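>>> Task: produce atomic coordinates for the following.
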Amino acid sequence: MQGIFLGILGLGVLATTLWRVFTQTMPDATLMGLFGIVALVVNVVAVLPLMRFLNGDANMRAVWLFSRNDAIGNAAVVVTAEPVAWLGSGWPDLIVAFGIAGLFLHSSWLIIRDAQTDLRATR
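Numbers count the residues shown, from 1 in each chain. Next comes the predicted model:
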């Protein structure tokens, strides 16, 4: 279920990003940076204790991947805020959003694969 949820989230990010490509909405770079920094700090604090479960069962790995993805996404938003402000364009944000969607979809596949492996091992 976690893999399916993350896959749906990845598809949602992809759909929203595609919509933003066609509507060309401009993000607020200051808010991007501010919220990105706060969220990054929270996610890094949450990820650190989870690192020991990196090689655990499918559920623990899923929790790790969710947290890791959040931290990567937040770091990408922080880094992207400056080019958005400097260029006066939303394209850097859109490029990062496509990358985040890909990261979510890839992690979804990993979670589903790990769950299937765990299920086969218990049979």
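
>>> What backbone torsions are found at P27?
Backbone torsions for P27, taken as degrees, to the nearest 10, come to phi -70, psi 160.

>>> Grab the nearest non-local neighbour of it.
D93 (5.1 Å; Cβ to Cβ, 6 or more residues apart in numbering). (C-beta placed from N, C-alpha, C; glycine too.)

>>> Need the three-state assignment for that neighbour.
Three-state call for D93 (DSSP: H, G, I helix; E, B strand; the rest coil): helix.

>>> surely it meets V79?
No: using Cβ atoms under 8 Å, D93 is not in contact with V79, being 10.7 Å away.

>>> And the two? Which one has more around it.
Set D93 next to V79 and count neighbours by other Cβ atoms under 10 Å: D93 wins out with 22 against 13.

>>> can you tell me how far that one sits from R120?
Distance of D93 to R120, computed by Cβ to Cβ, to the nearest Å: 41 Å.
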